[in-house]
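Undergrad: Turn this into a model:
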Amino acid sequence: QIHIVETGGGSVQIGGSLNLSCVVSGVDFGGAEMAWFRQSPGKQREFVARITKFGSGHYSSIPKRRFTISRDNSKKTVYLQMGSLEPEDTGLYYCNIARLINWRWEGGEYWGQGTQVTVSS
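TA: Numbers count the residues shown, from 1 in each chain. Got it, this is the predicted structure:
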């Protein structure tokens, strides 16, 4: 069974930066396309970015070139570097296997606890 642990969240001021990490076990990590999602207060969980098994990153409209997704297959870890943070980026950030379902990027069945990001003025 897949096990996911996200870390690196915190409280920052507007314009600040955070680096999130996600360690994954119980799955063929090197062969998996991975993604980051977030759930902001009062909203449904939404797709943020994905990275192919070859290391190519793709983003939703959310980051607007402020975020960078990367991975280290030797560490079974996927990262999300976030910069120029805005209050709208506040939320619980999750990583998961990326699945394209009905033309929308979704995660797998099992989710980690997520890591909280709070951006304030």
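Undergrad: For stretch 20-37, measure first residue to last.
TA: 12 Å (Cα to Cα, to the nearest Å).
Undergrad: ugh, typo on my part, it should be stretch 67-86
TA: Stretch 67-86 end-to-end distance (Cα to Cα) = 12 Å.
Undergrad: which other residues reach that stretch?
TA: The set of residues external to stretch 67-86 that reach it, using Cβ atoms under 8 Å, 6 or more residues apart in numbering, is 12, 14-25, 29-30, 34, 36, 48-51, 55, 57, 59, 63, 66, 89, 93, 95, 117, 119. Bear in mind the C-beta positions are built from the backbone N, C-alpha and C, glycine included.
Undergrad: Who is the most centrally placed residue in the chain paired with across the strands?
TA: Centroid check for the chain by Cα atoms, centre = their mean gives residue 36 as the closest residue, at 2.2 Å. Beta-bridge partners for residue 36, by DSSP bridges, are residue 49, residue 95.
Undergrad: Start at 800, not 1
TA: Let's use 800 as the start, then, which means that last one is residue 835.
Undergrad: Which strand or helix spans residue 803?
TA: Using DSSP states H and E, residue 803 sits in strand 802-806.
Undergrad: got the buried residues for that strand?
TA: 803, 805 (16 or more other Cβ atoms under 10 Å).
Undergrad: in the helix or strand just after that strand, what's buried?
TA: Following strand 802-806 in sequence order, the next helix or strand is strand 809-812 (DSSP H and E). For strand 809-812, burial by neighbour count (16+ other Cβ under 10 Å) applies to residue 811.
Undergrad: Show me what strand 809-812 is packed up against.
TA: strand 914-919 (3 or more Cβ pairs under 8 Å, 6 or more residues apart in numbering; DSSP states H and E).
Undergrad: just the angle between the strand it packs on and strand 802-806, please?
TA: Comparing the axes of strand 914-919 and strand 802-806 via axes from the mean of the first three to the mean of the last three Cα atoms, to 10 degrees yields an angle of 20 degrees.
Undergrad: Residues touching strand 914-919, excluding its own?
TA: 805-813, 815, 817, 819, 837, 881, 884-892.
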